[in-house]
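need the 3D shape of this:
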Amino acid sequence: MKCFFIALILVPLNICSQEVDASDILFLKIQELEGELASLRSELESQAYLIEKLSNEELSLEENNIPQEADIDPEESSFRFEGINDSRSIDEVYDEAISELNNKDFQAAKQSFAYLANNFNDDEKIPLSLFWLGEISLLESNLEESEKFFQRLASDFPDHWRAPLAHKKIGDILMMSGDVAAAKIKYQFVIQTFPENAASSLALQLLENME
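Residues are numbered from 1 along each chain as shown. Sure, this is the predicted structure:
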């Protein structure tokens, strides 16, 4: 049953009622794709700069002083090291994490993103790090940990462009956990609070499929 819900969340459903007009479905799909393309475009532009920076500087994890332990509680109150929170250091660590993510070295990426999230202050890269931590934990089927990361993103950075999708992801996790009623409430929250965001279209589609 758990696998069924995961498939329901992660794989777009193509089965629809015969009573629904095909043109309406196509229109919804186009809206959804336009929203996702806008988000991906912003993400790709950011990553292109970071990847170029990485190739030029070729810095190792040791030079960034990244610890080898990846087991970091997402909710722990971490000490903020004086002198380390400068834009260059943040770029270097985030750059390393993105490179590891692109290479599908998820454990190393998780370690780097966690180090970033617990030792720096940055209104763009910290919420993005929390988002990727939530995604990696979701891939590991660690639903409780994943929810903590997405919840931290949504509560600490409510105005970030990834916050709507973080709320939707929390709904997904509730659905995977079997709490259908809570998942519906979360999806409705996304639709009402972020009506123009692509996450709202995804939440609406899931709600319709649940009926």
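
what are the phi and psi values at Ala108?
Backbone torsions for Ala108, taken as degrees, to the nearest 10, come to phi -70, psi -40.

excluding its backbone neighbours, what's nearest it?
Nearest-residue entry for Ala108: Glu100, 4.3 Å, with adjacent residues in sequence omitted and distances by C-beta to C-beta, 6 or more residues apart in numbering. Glycine gets a C-beta too; all of them are placed from N, C-alpha and C.

element containing the one you found, please.
Applying DSSP states H and E as the criterion places Glu100 in helix 87-102.

residues touching the residue nearest to Ala108, list them.
By C-beta atoms under 8 Å, 6 or more residues apart in numbering, the residues touching Glu100 are Phe106, Ala108, Ala109, Ser112.

neighbour-wise, which one of the residues you listed leads?
Ser112 (28 neighbours; other C-beta atoms under 10 Å).

that residue: which element?
Element membership for Ser112, per DSSP H and E: helix 106-119.

quick one: list the elements packing against the very next helix or strand once past that helix.
Where DSSP H and E defines the elements, the next helix or strand beyond helix 106-119 is helix 125-139. Here helix 125-139 touches helix 87-102, helix 106-119, helix 143-156, helix 163-176, going by 3 or more C-beta pairs under 8 Å, 6 or more residues apart in numbering; DSSP states H and E.

let's see it at 7 Å
helix 87-102, helix 106-119, helix 143-156 (3 or more C-beta pairs under 7 Å, 6 or more residues apart in numbering; DSSP states H and E).

so what touches that helix?
74, 90, 94, 97, 101, 106, 109-110, 113-114, 116-117, 120, 145-146, 149-150, 152-153, 157, 160, 162, 166, 169 (C-beta atoms under 7 Å, 6 or more residues apart in numbering).

one more time with 8 Å, if that's ok
Residues outside helix 125-139 that contact it (C-beta under 8 Å, 6+ apart) are 46, 74, 90-91, 94, 97, 101, 106, 109-110, 113-114, 116-117, 120, 143, 145-147, 149-150, 152-153, 156-157, 160, 162-163, 165-166, 169, 173.

mind listing what's buried in that helix?
Residues 125-138 are the ones in helix 125-139 that count as buried (16 or more other C-beta atoms under 10 Å).

give me the domain ranges for the protein.
Domain assignment of the chain by automatic domain parsing yields the ranges 43-73+80-145, 161-211.

just put those in JSON lines and tack on mean pLDDT.
Formatted as JSON lines, these follow (pLDDT from 0 to 100):
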{"stretch": "domain 43-73+80-145", "mean pLDDT": "74"}
{"stretch": "domain 161-211", "mean pLDDT": "94"}
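
which one of the ones you listed is the most hemmed in?
Comparing these by mean neighbour count (mean count of other C-beta atoms under 10 Å), domain 161-211 comes out on top with a mean of 19.

next, the distance between the ends of that one.
Domain 161-211 has an end-to-end distance of 29 Å (C-alpha to C-alpha, to the nearest Å).

quick one on the thing from earlier: can you lay out the helices and strands packed on helix 125-139 as JSON lines showing distance to Phe194?
Listed next are the helices and strands packed on helix 125-139 as JSON lines, based on distance: least, C-beta to C-beta, whole Å:
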{"stretch": "helix 87-102", "distance to Phe194": "25"}
{"stretch": "helix 106-119", "distance to Phe194": "23"}
{"stretch": "helix 143-156", "distance to Phe194": "11"}
